[in-house]
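Visitor: the following comprises the amino acid sequence and a computationally predicted model.
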Amino acid sequence: MVNKIFTIIAGIGVPLTIIASLMHWSSIAMFLIGAITVIALSSFMGRATESLAVVSGPRIGGLLNATFGNAVELIISIFALKAGLIGVVLASLTGSVIGNLLLVAGLSFFLGGLKFKRQKFSFHDAQHNAGLLIFAVIVAFVIPEIFSMSMNETETLQLSVGISIVMIALYLAGLFFKLVTHRGVYQHSEGEEYSEHEEPEWSKKKSILILLIATLAVAYVSENLVHTFESVGEQFGWSQLFIGVIIVAIVGNAAEHASAILMAMKNKMDVAVEIAIGSTLQIAMFVAPLLVLISLLMPESMPLVFTIPELVAMATAVMLTVSISNDGESNWFEGLTMLAAYVIMGIGFFLL
């Protein structure tokens, strides 16, 4: 039923976006149409990657879901960079980190925990991800902020470029570690059932085709969506920080949100955790550094320097997630705790 609704919304939303752009509809109308259409298109990306995950396993499936899910945000961020909205881009990266860790993982733990009292996932993956999360957010994001206090803009940008290259290299090395040299070394958690006879919704070729078409459609809709941010923010009294941290992050990560929760409610926690935390690592260690490098081609370059509230929010989200997930188990109360933290941060960013 839900899939049919998203299909209808996507089928109507894309033509409406074209019409709204040509006829110059109001910014609010274009924003609402664009946001809902991106979410509907993201559902197709989620279903396609889920079909691929059936034949690829939880790690590769989760990585595929996170990658194509983050492709939406990467596209939105590139258009935002082109429009000079650097504050929105940095805020959306912040929103992705706290959204994936607290909202996506929190909802997965909470809703999955309501159905299954005690859910398990890979203890070794949890510890591996914990170390990378601490590095990516607390080390690689905090250092530019501290060092930039005694640097000029050129030096800060050079530092950001250097850190970005190191982070991308380490992220790729991490993939090589998990998928090549240590693939299968650490077995999946006990108690998690994978159906060997589970049939994918779509074939491999159809899934890849749908991913490509949905990504192209998202690219077009996102370009129109970005141009509404400033006007909508002024009319509703939203700051660029709030738009980036909450609105863009939720819309841009809609695919991961739906897929991770669905996997958790099927008690496939390895996939759910890989989507939520794997997506966060990809944002922090690949997408953010990549945007810094891409910005060098834009009229205005983007240093990897966040505001103090953004850094505190991301560091808090990382420490809370690490402390809750490090034992390789979850329950509904832990999920509720993470959701409460997200709501508190959302209120703070709204009032800033």
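Guide: Good, I have the coordinates.

Visitor: buried ones in the longest helix anywhere in the chain?
Guide: As assigned by DSSP state H, the longest helix anywhere in the chain is helix 27-56. For helix 27-56, a neighbour-count test (16 or more other CB atoms under 10 Å) marks 27, 30-31, 33-54, 56 as buried. Quick note: C-beta positions are derived from backbone N, CA and C, even for glycine.

Visitor: report the helix or strand with the lowest average pLDDT across the chain.
Guide: helix 249-252 (a mean of 73; mean pLDDT, DSSP states H and E).

Visitor: which residues touch that one?
Guide: Residues outside helix 249-252 that contact it (CB atoms under 8 Å, 6 or more residues apart in numbering): 35, 38-39, 70, 72-73, 76-77, 92, 94-96, 98-99, 103, 225, 257.

Visitor: 7 Å - rerun?
Guide: 35, 38-39, 72-73, 76, 92, 95-96, 99 (CB atoms under 7 Å, 6 or more residues apart in numbering).

Visitor: over to stretch 85-98?
Guide: 73, 77, 80-81, 137, 229, 240-241, 243-246, 248-249, 252-253, 280, 283-284, 288, 291, 300, 302, 306, 310, 313-314, 317, 342, 345.

Visitor: taking the mean pLDDT, what do you get for it?
Guide: Stretch 85-98 shows a mean pLDDT of 88.

Visitor: for stretch 122-139, same thing?
Guide: 85.

Visitor: cool, and stretch 16-23?
Guide: 88.

Visitor: in it, what's buried?
Guide: Applying 16+ other CB under 10 Å to stretch 16-23 flags 16-17, 20-21 as buried.

Visitor: and those as a markdown table, adding distance to N152 and secondary structure?
Guide: A markdown table is the format used below for the buried residues of stretch 16-23 (distance: CB to CB, whole Å; DSSP: H, G, I helix; E, B strand; the rest coil):
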| residue | distance to N152 | secondary structure |
| --- | --- | --- |
| L16 | 47 | helix |
| T17 | 42 | helix |
| A20 | 43 | helix |
| S21 | 40 | helix |
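
Visitor: just give me the closest of those to A264.
Guide: T17 (31.8 Å; CB to CB).

Visitor: now for that closest one: which residues touch it?
Guide: With contact set as CB under 7 Å, 6+ apart, T17 has these partners: 33-34, 37, 221, 224.

Visitor: that one and T37, how far apart?
Guide: Between T17 and T37 the computed distance is 6 Å (CB to CB, to the nearest Å).

Visitor: joint contacts of these two?
Guide: Common neighbours of T17 and T37 (CB under 7 Å, 6+ apart) are V221.

Visitor: can you name the next helix or strand after the host helix or strand of P144?
Guide: Under DSSP states H and E, the secondary-structure element containing P144 is helix 142-148. Where DSSP H and E defines the elements, the next helix or strand beyond helix 142-148 is helix 153-176.

Visitor: you'd agree W25 is in a strand?
Guide: No - W25 is assigned coil when assessed by DSSP: H, G, I helix; E, B strand; the rest coil, not a strand.

Visitor: and whichever strand or helix holds V273, what does it pack onto?
Guide: Assessed by DSSP H and E, V273 sits inside helix 269-282. Packing contacts for helix 269-282, counted by 3 or more CB pairs under 7 Å, 6 or more residues apart in numbering; DSSP states H and E, involve helix 58-82, helix 105-115, helix 123-133, helix 254-265.

Visitor: rewinding a little: as TSV, the buried residues of stretch 16-23 with distance to S148 would be great.
Guide: Below are the buried residues of stretch 16-23 laid out as TSV (distance: CB to CB, whole Å):
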residue	distance to S148
L16	43
T17	38
A20	40
S21	38
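
Visitor: now, which of those sits nearest A214?
Guide: Of the buried residues of stretch 16-23, the one sitting nearest to A214 (CB to CB) turns out to be T17, at 14.0 Å.

Visitor: and for that closest one, nearest residue in space, chain neighbours not counted?
Guide: V221 (5.1 Å; CB to CB, 6 or more residues apart in numbering).

Visitor: now do L225
Guide: G34 is the one closest to L225 (CB to CB, 6+ apart), at 3.5 Å.

Visitor: residues contacting the one you found?
Guide: 17, 221, 224-225, 228.

Visitor: sort out for me which of the residues you listed are in strands.
Guide: Applying DSSP state E to these, no entry is found in strands.

Visitor: which among the residues you listed gets closest to G131?
Guide: L225 (35.6 Å).

Visitor: find the nearest non-adjacent residue to F68, please.
Guide: M45 (4.9 Å).

Visitor: ok, that neighbour touching T67?
Guide: No - M45 sits out of contact with T67 when judged by CB atoms under 7 Å, with a separation of 9.9 Å.

Visitor: pLDDT weak spots in the stretch 201-350 of the chain?
Guide: 252-256 (pLDDT under 70).

Visitor: avg pLDDT for the helix holding P144?
Guide: 86.

Visitor: do the same with stretch 43-59
Guide: Stretch 43-59 comes out at a mean pLDDT of 74.

Visitor: what about that stretch, distance to the chain center?
Guide: Offset of stretch 43-59 from its chain centre (CA atoms, centre = their mean, to the nearest Å): 16 Å.

Visitor: what does stretch 113-122 give?
Guide: The answer for stretch 113-122 is 23 Å, by CA atoms, centre = their mean.

Visitor: out of the contacts of G34, the closest to F110 would be?
Guide: L225 (29.2 Å).

Visitor: what's the burial count for the closest one?
Guide: As a burial measure, L225 scores 28 neighbours (other CB atoms under 10 Å).
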